[in-house]
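# got a predicted structure plus its sequence, pasted below:
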Amino acid sequence: MSWIQRCTLALAFLCCLALPAVQAAPAAAAPAPAATGTQTPATAPAAEEPLPDVESLRRQLDALPATAEGNDAVRALQSSYAALNAGANRIIDARTGELNDLNARLGELGAAPAPGTSEDADIKRQRQTLIRDRNAVDAEIRLARLIVVDAKQRSEALRTRERDQLQAQLTDRAPSPLSAAFWRELGQSWPDDRARLAPMAEEMQDAAARLAVPGHRGPVLLALVLALLAVTVGDLLAERGLARLAQRVLPGGRLRRSLLVIAIVAVNMAVVALALQGFLQTLRAHADFGPQSSKLVALVDESVLYIVFVTSLGRALLANARPSWRLAPLSDALALRLRPYPWLVALVGVLVWVPMQVAAISELSLPALRVCQGITALALVLLMAAMLTRLNQPQPGDPAEPPAPRPLWEGLVLTVVTLSLVGVVLLVVIGYISVASVVAMQLAWTGLVGLSFYVLFKFADDLFMALVSSRGDFGQRLQKSFGFAPSTLDQAAVVLSALARVLLFLYMLIALGAQLGTRPEEVLQQTDRISAGLTIGEFQIKPAAIFSALAVLVGGFVALRVFRNWLRERYLPTTTMEPGMQSSLATLLNYVGIVLVVAAGLSAMGIGINRIAWIASALSVGIGFGLQAIVQNFISGLILLAERPVKVGDWVVLGTTEGDIKRINVRATEIQLGDRSTVIVPNSEFITKTVRNMTLTAAEGRVLIRLPLPLSTDAKQVRELMLAACRAHPGVLETPEPSLSLEGIENGSLIFQAIAYVSSPRLASGVRSDLLFTILDDFKTAGLPLAVPTMMMASPPPAPGAA
């Protein structure tokens, strides 16, 4: 398999992107033989290979040429540089461990004695041996690092030269195809081009003659029939089987649609690749192709894979057979109009790509290559213009209903594409054919990559929404098992989806550059650069570290939630602590756990404790000026949780605020009033001001009733009636028992005061109201009147002139 096939199949199975076979650089499909003097990379795993020698790597690097001509030679030279770089890095990795071990052993011997002092002979001999070995290993590491630097510099210089040549080729202006000079150059070079094409034609004739032999014709025809059956019937059965499997296994929703699109493309690619490889292996075994015809057969392999990828992706996105499963927001009429375009895109892409590859294999003249490039540019322009025209056709609908307005970004994209197509035609006309071909192929490649990553973006969003959000089955299980709030799960799903989209967007940018001459090894190098991280100052952002930190945070918070539920529901109820103390202890441990989880997440991201200390030191100035109140309330909250002057469930009076403490947070405390409203009080108020805790030492509440009665009232009868009413109420406690006292005489009335106790201060007002109703009724029945307040009446002044 060629590198295009391997990249296509690997990325398709990984559900990232199936790279089509279209590439901008006119490179040969078959791998070129290594340059003379280069080291062929072994196929065994790196762990089983013997460690290379530094001197051998240096000799191989010196023997390599500084430049190369032709795509095959450049690719072979770049592969040689990469192999030498990998070998030197293996030496560095292996010898670095040995160097650290030798330094540790030298450290165990201690510092060398001062000059003029003696040392034990055995220790001195060991020290000299270790120093000699350490210097040898250190020298080998330095030489290997020098090889890495030299190989990278040569590879970068070769890549720069190749890009300069490509730029010079692109900016070269040819005669206009509308002029006679263009066709005159083509006619003059045609005899030479026909001579260059002759070897390939002869090889194909010889292969056809060998296949005509009965001993070879039968197996090849049988392999062809089996391949066609697998491509047609096998793909159809696989697609229908996937649809039925998705209906049975996957729950209804968006995930089923996006996953089905990826599965259809991946399975079709796999089936066709296996069938095609079987047929091509049989064909090569019986036809015995030559060097150029072998490359042509590889083009057929890659072209078929490209056709399968484009048609599978297009059919899965249009979903004309299953409109309800359509992933893109397309109407049924528009999907039917676009139905033939996946096949047209695939066929046109192959028809314009294969001639360019044939011209590169046969090394045709520049005029012939320009003709191929011009045909490529114009064919792609016509195809994209037809698709834009079909997309802009008015859709049938209700004539009374106005058409929906087009989004701004869609109008901008269509404008840019239209102007680019016009620009390609103008470039071809004025003679910049190479630039026009590159622009046209880049437009086609951008559309294909955009559609592929559109599916991946949808899949990432649907995956996390189905797995993590509260609307999914798995999210509901998380909610029931760990007690997560639905909003928390929805927020986590949105954040994870955004992170996945950002990562996919980075790889989409890399894929968009593949058409501009970026080879697969360069794409992998860019991927390695992204994996290595982005350095900002002294801080380095690594994607792997970010995902590790997310995993630590998610796992830590889940474990913290499980521990907190176990602590509140299983362990603390078995202790003798009060409920308020249990809540305060659970809250305090939860804060400690949050701090530890966040610290672990920052450490996984690469932010150590020393960096956190520097950040805290930098923030101390701001804390000293603008965050004093927040820090004061935070410390006060910790004091409240530790000393417990008030706790959850206490009835407190703070100034004019009176109610139950419902929650003690880090910054403030929530107090629920009698009217069910909540007052949020800063924690510093409980530390710096006077607080009355009604339930700190005793939980009983007191009911106080003061009644004024006339002086002629029978005091003993009043005492009996009021005490009887208190004892008869079910909410009044027997111990301490109710009491009644005669406080004295005020304003000509006797003042009686009854005191009763209830189980909670929260019941005092209700019990007092019940007792007043009962006592007033008893007084009315017994004929005992209440005292009437004395009222002072002022007479009006006499009228003027009155006698």
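Nice, I can see it.

# tell me where the chain has strands.
Along the chain, the segments classed as strands by DSSP state E run 534-536, 539-541, 651-654, 657-664, 668-672, 678-682, 692-693, 701-710, 739-746, 749-758.

# adding mean neighbour count, mean pLDDT and distance to residue 417, write those strands out as a markdown table.
Every C-beta, even on glycine, is put in place using the N, C-alpha and C of the backbone. Shown next, in a markdown table, are the strands of the chain (neighbours: other Cβ atoms under 10 Å; pLDDT from 0 to 100; distance: least, Cβ to Cβ, whole Å):
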| stretch | mean neighbour count | mean pLDDT | distance to residue 417 |
| --- | --- | --- | --- |
| strand 534-536 | 10 | 57 | 32 |
| strand 539-541 | 12 | 61 | 34 |
| strand 651-654 | 19 | 85 | 68 |
| strand 657-664 | 18 | 84 | 58 |
| strand 668-672 | 19 | 87 | 56 |
| strand 678-682 | 15 | 89 | 56 |
| strand 692-693 | 14 | 83 | 74 |
| strand 701-710 | 17 | 86 | 79 |
| strand 739-746 | 12 | 86 | 94 |
| strand 749-758 | 20 | 88 | 81 |
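
# so which of these gets nearest residue 596?
Across the strands of the chain, residue 596 has its closest neighbour in strand 657-664 (20.6 Å, Cβ to Cβ).

# partner strands of that closest one, with direction?
Strand 657-664 pairs in its sheet with strand 651-654 (antiparallel), strand 668-672 (antiparallel), by DSSP bridges.

# so the chain: which segments form each domain?
As recorded under automatic domain parsing, the domains making up the chain are 22-110+120-171, 203-394+408-467, 566-693, 701-782.

# how long is the shortest one end to end?
Which is domain 701-782. 30 Å (Cα to Cα, to the nearest Å).

# re the thing from before, quick one: closest of the strands paired with strand 657-664 to residue 302.
When the strands paired with strand 657-664 are compared by Cβ to Cβ, strand 668-672 sits nearest residue 302, at 66.8 Å.

# so what's residue 630 closest to, chain neighbours aside?
residue 667 (6.6 Å; Cβ to Cβ, 6 or more residues apart in numbering).

# and residue 94, by the same measure?
Per Cβ to Cβ, 6+ apart, closest to residue 94 is residue 51, 5.7 Å.

# cool, residue 318 as well?
residue 335 (4.6 Å).

# for this protein, which helix is longest?
Across the chain, the longest stretch assigned as helix under DSSP state H is helix 121-171.

# now it, how far from the centre of its chain.
Centroid displacement of helix 121-171 relative to its chain, using Cα atoms, centre = their mean, to the nearest Å, is 36 Å.

# kindly report the same for stretch 736-750.
The gap between where stretch 736-750 is centred and where its chain is centred comes out at 75 Å by Cα atoms, centre = their mean.

# list the contacts of it.
Applying Cβ atoms under 8 Å, 6 or more residues apart in numbering, the external contacts of stretch 736-750 come out as 706, 708-711, 713, 715, 719, 722-723, 726-727, 732, 751-757, 787, 789-790.

# any weak-confidence spans in the stretch 401-550 of the chain?
Within the stretch 401-550 of the chain, the ranges that satisfy pLDDT under 70 run 401-406, 514-544.

# mind listing the helices for it?
With helices called from DSSP state H, counting those that start in this stretch, the stretch 401-550 of the chain shows them at 408-430, 433-467, 473-482, 486-512, 520-532, 543-566.

# could you find the closest non-adjacent residue to residue 161?
Using Cβ to Cβ, 6+ apart, the closest residue to residue 161 is residue 67 (6.5 Å).

# quick check on the one you found: phi, psi?
Phi and psi for residue 67, reported as degrees, to the nearest 10, are phi -130, psi 170.

# quick check, pLDDT for it.
Looking at residue 67, its pLDDT is 75.

# please apply the same query to residue 297.
So, for residue 297, pLDDT stands at 83.

# contacting residues around it?
Applying Cβ under 8 Å, 6+ apart to residue 297 gives the contacts 280, 283, 284, 289.

# most neighbours among the residues you listed, please name it.
In terms of neighbour count, residue 283 stands highest of those at 21 neighbours, by other Cβ atoms under 10 Å.

# and the residue nearest to that residue when sequence neighbours are not counted, what is it in contact with?
Among residues not flanking residue 283 along the chain, residue 220 sits closest, at 5.8 Å (Cβ to Cβ, 6+ apart). Residue 220 makes contact with 211, 282, 283, 286, 287, according to Cβ under 8 Å, 6+ apart.

# now these in TSV, with pLDDT and distance to residue 130?
Formatted as TSV, these follow (pLDDT from 0 to 100; distance: Cβ to Cβ, whole Å):
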residue	pLDDT	distance to residue 130
211	83	69
282	87	62
283	85	63
286	82	64
287	81	64
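
# select only the buried ones of those in ChimeraX?
The buried residues among those can be selected in ChimeraX (16 or more other Cβ atoms under 10 Å) with this line:
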select :211,282,283,286,287
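
# the closest residue to residue 260 other than its chain neighbours: how many residues sit nearby?
Of all residues not flanking residue 260 in the chain, residue 246 sits nearest, at 5.0 Å (Cβ to Cβ, 6+ apart). Using other Cβ under 10 Å, residue 246 has 19 neighbouring residues.

# fine by me, thanks again.
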